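Asker: no sequence for this one, just the structure:
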């Protein structure tokens, strides 16, 4: 079940980085819904490498092809299968990886768990797998649109450059990091460009906002909205932490500060503050849901590192080929996609 | 499925704070295993209120009674049902809660989701529900003991008092917070006592360590070890964030610092650093797993606050009765219990 | 997961025949629904042994006690836990079973699978486990009542005595077998009484009818209405077969006979015949659902039989104690309960 | 979840009869296992239409293409995705079906459930969907082969022609029905040919045998070996009934006849008779598992029938195009495939 996500809206994903294709099956998509295929492709394009000076130069068209579940442009209620073919697969670039375990990659753990691995480009552990999440997330977003629910992710930190505030309520920008402060965005982009040159990599954080969430989403006690969201986000490659609302800052607050006081206005129950991040007791309370996730610096760097071979010899190793100095820009659509799947699933479960 | 946790080792929990009982059913426990009932009770006692000056004075014996699944002291392989009867249920203390929604509690969200609620003591949303987790976790710990796997949680921050280091490798203490630095522990305890007096509450963080984890636990891509662990921990009341390994600090690191370099020693592959927190690509790599979770200050404080009634009128409200100035001490066994269930489940899934 | 049934309306059951109690947890029951506790007890009484001359003389009161999930008579939307205490547990009657494997019982298979067993009264494999199904089924029936859906099971065959027709549309009787032909019912009852005397046992069949089923229940392709129903029924002890609609008789029919021709009347699409048993392509079509299940003669007989001991010696064995010459009368409420759970689950899934 | 089958060895299937492709994803397949691709294709060829005078003339090559999960001929432990492209799709043959509901087909139920349907060739309800089951079943068979477990299905009845016995222990034949009595096989084949000419259709039964089953497979109480098997088989199109062991004949037997007496021989516990069909208390006892399933005559016949249009008008309708007078020959590999998936899943669950 490890390759299936969701309860009612379920994505089962497949594909290795340098296999024939990446893809998935979406089961449980409501029927008779007109899909916007251009929107799906637009979302994929945001994730696509090779589209910017600060991301990997792997050049994949990443055109999605639907195999089932759609008829005359509408969902049938049957499983929606899709594939994205792998074309630009410079498998040979990875020949030198066959016999080593790269530091902080999944080479060693996969090899030990399964007894073998597809070493080319990280195989199943490659971030290329997230292509299928973006497709399922794009469809989820279209369905959420019916409920007026909107999702915005933005980069809030790259290395030592970060936003001052934790909770931006209006996030629509033009920059590739969707960072609401244009000046800081430019600094971040410059920093990434600098690290691309230097062959090293950067970590950072992404914030995400869900607007117009209805009251009542989330299933206590183990399947709380925040708990499932956290699982969704920690399931993205390189993510090492998640916090909702005031998050880790809550440790520094006292109850009388942290409590979100209710009031009633224009026929709606609201709260003055939103330290809860829109979730109380695991169930959404109608305020914005917002959270932050941290992504480690990608382990592939172009500097020489020490590591061990599959037969346990210490060697020097230098990565070749394409290089992403930071996953943050390309992680944005993935964070949004996972968030959309979680929100939609809870809406369907709540009926 | 919201009240069931786990895939092969599954706890289904039940019970409201002021109903007849709290309890659960454990399905999937390996058969023919001799249970240590005293150990289970010891774990429950750690979570029990009324046992210390710095926790709630609700006085429950919390004796667990097993109804099935055990025969002549050994597990049968059939479901293990257990109950803990609610005795000290001062339900009347809560009469004044019937018609209001307390700030930052789950009163409002439960009422809206379900159309009614058991207002007494928070009903299902009460932390009293975690009794069943501690029972299932204690049994999981006993099973993990066969594999030599050990779990230690300790309080690492209470309000503004915190430990200097993030990753303690030897954690066995005598203080109620299991805090490895005795001086800091004393300061924390004094701080909690001060807040108990003041009628306000404190947040903080708990760190947790899993030692002797075998390589290969965790199921990519959506059910990564860290992702499921995060869900388990965020599913605990008042938890607002989770990070594994270097966690949010990863944002400030660059790849060449953050990468954990492999080496081979005494027949084992190890890493010099452990920024990964024992997990690479969602699968354990044999190093210690360690993580940190943040808990907000409990919303029940003894100071007057503004809030609204169920018919949307603004009122002043002052909590009466028993009060826990910080959940952190009592959350320790719960964090360990959820961690044990996750680790055991992945071991059973890995077979 | 073997002790959990259902997807949205889920029963997790527990209990050995001679342990402390039998019971379960119902998760996913809609909230704010007023339960009729008398009705639940009435259903349990139908299943109860000791209530008739033709069933086992084990005398259990089988009073159900609810532990959670209900407040002021209404469901809370939280898990409904319940227990039925085992009182009349003549465990000593079973001392002679400790070291043998009874023929056609689950003694051998449980022992081999789990490495030990609770031999008293069949332990978990006892039909006593079905108490929890009847409770969950009774609540499901009450919820189905809102949709006007009714379920009727009746005994259609006992040994060589059987009904002429396969599909009775009006089934409300006063006899203990709910057999719509009173004369045949009396013959069946006499036959069972004869076998009780003789110390042997009888098999038979039960038919079941679901009336007023809406169109659209069932989830293709693997979770068809009939497939899940079949699993539910085959999961009852002693059941060896299931057929829906024309069932095995379909093998003798040709397409032009077997096809159910549609017509339109009073604003509804109907079929002239109902060989499909109300299900086409795994989805209900609005006609009555009807099916038949076969139950083998219970293996416990009071005659001496050859069998083997746990250390593989051949011995003569004669059962002592209480004896049910046929499970059919007591299986009626269980068949209805499982059917109700399936129907309700598909209604909840279809929303 | 309706398009996913299995717990540990899971098939998620997709595809409409006249969409681009049929296929699926297998999750949970053990890693490092060398696949025999020719064997998979051989199994598919058995199911393929157009290969015999007595089956439909739809001519599909049904070549399976693997997209992931296999590397250098071995399973990676990652999801195995596969597609079979639809080529011979005479969609136009079905134009006359757009506005009618064919008798005893799933046209009406799908349309009502989903609000639309792909009418071409039955869409998702087409037996073409079973292609994916045969692929997953073939791989399951190869894995079962490691345990020496063998599965044989054979046609036991076509219309009024049937085998005398219920339980053949050696079943390896050359005829297309795998019927162990060659004379009866020929009569069956002649009967089918006759009905193909006449444009009508025939029902029948398939028996299936699982040999060398280890003791201990099956998960009580709801997920019994026989219960899950029954669900698997009833989930095949046109199947209307299932019985295991003595099945419906059990109704005519008395306990002292029906009980399977144990004996000990050559270090193994065995039974003299096998009325239980190899399953006691839902768990396999080491004897052969055998069962029978009934398939109704396929609803598509070439004779004129009355039916209704989607706007509820009564019309005469005559099917055009390709026609399968009986599903039985082509259902054989599907029955074996579902059986193999069930057996393998229980082996993996039993670890």
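Answerer: Alright, I've got the coordinates. All values reported here derive from a predicted model rather than from experimental measurement.

Asker: From now on I want contacts and neighbour counts done on CA atoms only, so please keep to that.
Answerer: Fine.

Asker: Can you name the residues bridging to residue A:26?
Answerer: Beta-bridge pairing of residue A:26, defined through DSSP bridges, involves residue A:11, residue A:80.

Asker: Please report the number of neighbouring residues for it.
Answerer: The local packing count at residue A:26 equals 31, with neighbours defined by other Cα atoms under 10 Å in any protein chain shown.

Asker: pretty sure it is touching residue A:81, no?
Answerer: Yes: with the criterion set as Cα atoms under 8 Å, residue A:26 and residue A:81 qualify as a contacting pair; they are 6.4 Å apart.

Asker: and the stretch 251-351 of chain A, which of its residues are near chain C?
Answerer: Residues of the stretch 251-351 of chain A lying near chain C by Cα under 8 Å from any Cα of the partner chain: residue A:351.

Asker: Tell me where the stretch 251-351 of chain A is predicted with low confidence.
Answerer: Under the criterion of pLDDT under 70, none of the stretch 251-351 of chain A is flagged as low confidence.

Asker: residue in it nearest to chain C?
Answerer: In the stretch 251-351 of chain A, the residue that lies nearest chain C is residue A:351 (6.5 Å; Cα to the nearest Cα).

Asker: which one's the longest helix in chain A?
Answerer: Among the segments of chain A that qualify as a helix by DSSP state H, the longest is helix A:328-349.

Asker: angle of that helix against helix C:328-349?
Answerer: Helix A:328-349 and helix C:328-349 meet at an angle of 130 degrees, taking axes from the mean of the first three to the mean of the last three Cα atoms, to 10 degrees as the criterion.

Asker: Go ahead and measure how far helix A:328-349 is from the middle of the chain.
Answerer: Relative to its parent chain, helix A:328-349 has a centroid offset of 7 Å by Cα atoms, centre = their mean, to the nearest Å.

Asker: Packing partners of it?
Answerer: If you count contacts as 3 or more Cα pairs under 8 Å, 6 or more residues apart in numbering or on different chains; DSSP states H and E, helix A:328-349 packs onto helix A:37-47, helix A:131-145, strand A:150-158, strand A:204-211, helix A:225-234.

Asker: I'd like these as CSV, with distance to chain D and mean neighbour count appended.
Answerer: Converted to CSV, the helices and strands packed on helix A:328-349 look like this (distance: least, Cα to the nearest Cα, whole Å; neighbours: other Cα atoms under 10 Å in any protein chain shown):
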stretch, distance to chain D, mean neighbour count
helix A:37-47, 17, 17
helix A:131-145, 13, 24
strand A:150-158, 26, 25
strand A:204-211, 27, 24
helix A:225-234, 18, 29
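
Asker: rank the ones you listed by mean pLDDT and give me the bottom one.
Answerer: Looking at the helices and strands packed on helix A:328-349, the lowest mean pLDDT belongs to helix A:37-47 (a mean of 94).

Asker: How about residues contacting that helix?
Answerer: Helix A:37-47 is touched from outside by A:62-64, A:131, A:134-135, A:138-139, A:330-334, with contacts defined as Cα atoms under 8 Å, 6 or more residues apart in numbering or on different chains.

Asker: can you check stretch A:282-290 too?
Answerer: Contacting residues not belonging to stretch A:282-290 are listed as A:167, A:207-221, A:223-227, A:244-245, A:270-271, A:274, A:277-279, B:106, B:108-110, B:235 [Cα under 8 Å, 6+ apart].

Asker: Quick check: ChimeraX command selecting the buried ones in those residues.
Answerer: Burial among the contacts of stretch A:282-290 is assessed by 16 or more other Cα atoms under 10 Å in any protein chain shown; the matching ChimeraX selection reads:
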select /A:167,207,208,209,210,211,213,214,215,216,217,218,219,220,221,223,224,225,226,227,244,245,270,271,274,277,278,279 /B:106,108,109,110,235
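
Asker: Stretch A:297-308 vs chain B: in contact?
Answerer: Yes: among the residues of stretch A:297-308, A:297, A:298, A:299, A:300, A:301, A:303, A:305, A:306, A:307, A:308 lie within reach of chain B under Cα under 8 Å from any Cα.

Asker: Inside strands: which ones of these?
Answerer: Here DSSP state E is the test, and these give A:305, A:306, A:307, A:308 as lying in strands.

Asker: roughly how far apart are the closest residue to chain C within the stretch 51-200 of chain A and residue B:203?
Answerer: Distances between the stretch 51-200 of chain A and chain C by Cα to the nearest Cα are smallest at residue A:78, namely 8.5 Å. For residue A:78, the distance to residue B:203 under the criterion Cα to Cα, to the nearest Å works out to 47 Å.

Asker: Please work out how many residues are found near residue A:164.
Answerer: Other residues within reach of residue A:164, judged by other Cα under 10 Å, total 10.

Asker: Residue A:175 too?
Answerer: If you count neighbours by other Cα under 10 Å, residue A:175 ends up with 14.

Asker: Just the buried residues out of the ones in strands among the residues of stretch A:297-308 next to chain B, in PyMOL syntax.
Answerer: Command for PyMOL that selects the buried part of those, burial taken from 16+ other Cα under 10 Å:
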select buried, chain A and resi 305+307+308
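
Asker: Quick one: the ones in strands among the residues of stretch A:297-308 next to chain B as a markdown table, columns for distance to residue B:240 too.
Answerer: A markdown table is the format used below for those (distance: Cα to Cα, whole Å):
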| residue | distance to residue B:240 |
| --- | --- |
| A:305 | 37 |
| A:306 | 38 |
| A:307 | 37 |
| A:308 | 38 |
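
Asker: just the ones in strands among the residues of stretch A:297-308 next to chain B now: which is nearest chain D?
Answerer: Within those, the smallest distance to chain D is 22.2 Å, found for residue A:308 (Cα to the nearest Cα).

Asker: Pretty sure that closest one sits against residue B:263.
Answerer: Yes: with the criterion set as Cα under 8 Å, residue A:308 and residue B:263 qualify as a contacting pair; they are 6.3 Å apart.
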